[in-house]
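K.L.:
Just to be clear, the model below is a prediction. Sequence and coordinates:
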Amino acid sequence: GFMKKIMIVCSTSFYNYVDEINNKLKEYGYDTVLPNCYDAPVTNEDNKKFSEEEYYKFFKEMYEESREKVSTIDAILVLNFDKEKNNVIHKNYIGASTFLEMYEAFMQKKKIFILNSLPDSSNMLLDEIKGFNPIILNGNLDKIKE
């Protein structure tokens, strides 16, 4: 059937792209769900405020929240751009948290769109990501409508 609701998922480093993409999806007539903590991203600075126990509890709650959100949508859209980490450029980066959300979507039989081409082979999760059989948009959001 027709897809109605799309959840945007990405590394917090890409949150600056979310608004523009969210607006475009809405123009296309989709309902959207924004990434976890989009309104109040948890930064590395914030992490220092948590006790270790609180910090891991936060992750556990994020996983549960993701599962619930994924159950209400038709597809996820993964935003993957180049990310610099320790002076290395990671091409079309997909991090562990995003990977877990993709896995959740896969397990719930939702469509998985990836905005840009796949990360390069330096990404340890590359084979697993291919296993989700994602639809690669190669930067072209219009392909979502097809």
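P.N.:
Received the coordinates, thanks.

K.L.:
Next, count neighbours for Ser97.
P.N.:
18 (other CB atoms under 10 Å). (Glycine included, C-beta is placed from N, CA and C.)

K.L.:
Sorry, slip of the keys, the one I care about is Val42.
P.N.:
Neighbourhood size, Val42 [other CB under 10 Å]: 16.

K.L.:
If I look at Phe113, what pLDDT would I see?
P.N.:
We have a pLDDT of 98 for Phe113.

K.L.:
Tell me which helix or strand it sits in.
P.N.:
Secondary structure from DSSP states H and E places Phe113 in strand 111-114.

K.L.:
Likewise for Asp19?
P.N.:
Using DSSP H and E, Asp19 falls in helix 18-27.

K.L.:
so what does that helix touch, helix or strand wise?
P.N.:
Packing partners of helix 18-27 (3 or more CB pairs under 8 Å, 6 or more residues apart in numbering; DSSP states H and E): strand 5-10, strand 31-33, strand 75-79.

K.L.:
Report the buried residues of the first one.
P.N.:
For strand 5-10, a neighbour-count test (16 or more other CB atoms under 10 Å) marks Ile6, Met7, Ile8, Val9, Cys10 as buried.

K.L.:
quick revisit: any idea of the mean pLDDT in the helix holding Asp19?
P.N.:
Averaging pLDDT along helix 18-27 yields 96.

K.L.:
Show me what it is in contact with.
P.N.:
Ile6, Ile8, Cys10, Thr32, Leu34, Pro35, Tyr38, Leu77, Leu79, Leu115, Leu141, Ile144 (CB atoms under 8 Å, 6 or more residues apart in numbering).
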